[in-house]
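Participant: this one's sequence-less:
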Ligand SMILES: [Mg+2]
């Protein structure tokens, strides 16, 4: 039986900003991207009372809450706090799987073999986070990742909730299907139209029927809606790079043609980077080229702020190595290997 803790910081980015500016105490605060198309990334509970939500356009947030303090994102600050928090996690177990800067799974099974309760460990970790960073966290404790993640939401902010093995059945029976890992708003709507609202409803559908409808995912769903999840806590989840590539149906015969293609690829990459990993620090940019003779080359450079210009330069450098028509082009970034990701290895 596993003992999993899901630790989730409470409105993390907003909380860090408020810690840095004590004069904001009690005021509605949101942080988000700047400019006229700004979007709320996180907001505090005071702002939520006015209906401000994350992913909401800035203008709408200001409409709902005219005295909202809207601050720009400062990822360096959040990364530093996150690193400090993960340092605390690693003092308890090397089995830490960060999901983002403010969320992680901890497998504390081996600690509880020594007679310690996961509940007490979670409490101690939260108290240490508060003492050392001035920030509050919530925790969910359960026998698997899915339940632990659901549970951490139950007593937010600054609380914790455990789902014990003998409570799982009752807990799942009334849980909305939307809470199940992998079920988005659209699938939830589709289930609702068939009268399926809770996991209890979903449990009435047989395994073969689920598999006909959803394929392999149907089998997973069968177990998830019963509160069963066998996924392990994987310590090295954070990716080291982000990249894309395109194989062309006709080889590109000139540097100019390659430049046009790299322009599109790098734009897509930079967009994906902003959406998926705004919190990661970029260390290198690279371009990948495969020539008509199937030889391949990569050219990279140290760079914190990749741009279309940098990819064009890298391409030029890679292209002259062969000067042949090109079959495939790719662009990518390598991330700073955060100390916290390497930490488990130091303990081994
Ligand atoms: Mg959070």
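Facilitator: Good, I have the coordinates. Just so it is clear, the structure is predicted and the values come from calculations on it, not from any experiment.
Participant: all contacts plus neighbour counts: C-alpha atoms, from now on.
Facilitator: Noted.
Participant: Can you list the low-confidence ranges for the protein?
Facilitator: Where the chain drops to pLDDT under 70, the residues are 34-37, 236-238, 337-348.
Participant: What residues does it have near the ion?
Facilitator: Contacts of the chain with the ion, taken as C-alpha under 5 Å from the ion, map to 8-10.
Participant: Sitting in strands, which of the residues you listed do you find?
Facilitator: Using DSSP state E, 8-9 are the members of the residues of the chain next to the ion that sit in strands.
Participant: most surrounded residue in the residues of the chain next to the ion?
Facilitator: Counting neighbours by other C-alpha atoms under 10 Å, residue 8 comes out on top of those with 27 neighbours.
Participant: Show me where the stretch 51-200 of the chain has its strands.
Facilitator: Ranges of strands within the stretch 51-200 of the chain are 69-72, 96-100, 103-107, 137-142, 160-162, based on DSSP state E, counting those that start in this stretch.
Participant: and the residue lying closest to residue 330 once chain neighbours are set aside, what is it in contact with?
Facilitator: In space, and not counting its chain neighbours, residue 330 is closest to residue 245: 3.8 Å by C-alpha to C-alpha, 6 or more residues apart in numbering. For residue 245, the contact set (C-alpha atoms under 8 Å, 6 or more residues apart in numbering) comprises 265, 288, 328-331.
Participant: do the same with residue 267
Facilitator: residue 308.
Participant: do you know how far the nearest residue to residue 64 once chain neighbours are set aside is from the ion?
Facilitator: Leaving aside its sequence neighbours, residue 64 sits nearest to residue 50 (C-alpha to C-alpha, 6+ apart; 6.0 Å). Taking C-alpha to the ion, to the nearest Å as the measure, residue 50 and the ion are separated by 19 Å.
Participant: same thing with residue 278?
Facilitator: 16 Å.
Participant: Counting neighbours, what do you get for that residue?
Facilitator: Residue 278: 13 neighbours (other C-alpha under 10 Å).
Participant: Please name the nearest non-neighbouring residue to residue 291.
Facilitator: Using C-alpha to C-alpha, 6+ apart, the nearest residue to residue 291 is residue 326, at 4.3 Å.
Participant: And residue 228, by the same measure?
Facilitator: Nearest non-adjacent residue to residue 228 (C-alpha to C-alpha, 6+ apart): residue 144, at 7.4 Å.
Participant: One more: residue 93?
Facilitator: Going by C-alpha to C-alpha, 6+ apart, residue 93 has residue 108 as its nearest residue, at 6.5 Å.
Participant: so what's that neighbour up against?
Facilitator: Taking C-alpha under 8 Å, 6+ apart as the test, what residue 108 contacts is 2-5, 92-93, 95, 118.
Participant: do you know how far it is from the ion?
Facilitator: 20 Å.
Participant: ditto for residue 120
Facilitator: Counting by C-alpha to the ion - residue 120 and the ion are separated by 21 Å.
Participant: Likewise for residue 88?
Facilitator: Taking C-alpha to the ion, one finds residue 88 at 17 Å from the ion.
Participant: residue contacts, residue 61?
Facilitator: With C-alpha under 8 Å, 6+ apart, residue 61 has these contacts: 40, 51-53, 68.
Participant: Mind doing that once more with 10 Å?
Facilitator: Applying C-alpha atoms under 10 Å, 6 or more residues apart in numbering to residue 61 gives the contacts 30, 39-40, 43, 47-48, 50-55, 67-68, 70.
Participant: Nearest to residue 161 among the residues you listed?
Facilitator: residue 48 (22.0 Å; C-alpha to C-alpha).
Participant: neighbours around the closest residue to the ion within the stretch 51-200 of the chain, how many?
Facilitator: Going by C-alpha to the ion, the ion is nearest to residue 102 of the stretch 51-200 of the chain, at 5.3 Å. Neighbours of residue 102 under the rule other C-alpha under 10 Å: 21.
Participant: Correct me if wrong: it contacts residue 81.
Facilitator: Yes. At 9.1 Å, residue 102 and residue 81 qualify as touching, with contact defined as C-alpha atoms under 10 Å.
Participant: which neighbours do the two share?
Facilitator: Common neighbours of residue 102 and residue 81 (C-alpha under 10 Å, 6+ apart) are 12-13.
Participant: just checking, residue 46 is part of a strand?
Facilitator: No. According to DSSP: H, G, I helix; E, B strand; the rest coil, residue 46 belongs to no strand; its state is helix.
Participant: Once you drop chain neighbours, what's closest to it?
Facilitator: That would be residue 28: by C-alpha to C-alpha, 6+ apart, it lies 4.6 Å from residue 46.
Participant: List the contacts of the one you found.
Facilitator: Residue 28 neighbours (C-alpha under 10 Å, 6+ apart): 14, 43-50, 52, 65-70.
Participant: I'd like the distance between it and the ion.
Facilitator: 17 Å.
Participant: still on that earlier bit, what is the three-state secondary structure of the residue nearest to residue 330?
Facilitator: Criterion first, three-state DSSP; result for residue 245: strand.
Participant: Now do the helices in the stretch 201-348 of the chain.
Facilitator: Using DSSP state H, counting those that start in this stretch, the helices of the stretch 201-348 of the chain run over 207-214, 216-224, 255-276, 308-319, 339-347.
Participant: Quick check: which of those helices is nearest to residue 178?
Facilitator: Of all those, helix 216-224 comes closest under C-alpha to C-alpha, at 11.7 Å.
Participant: That closest one versus helix 207-214: what angle between them?
Facilitator: Angle, helix 216-224 to helix 207-214, by axes from the mean of the first three to the mean of the last three C-alpha atoms, to 10 degrees: 130 degrees.
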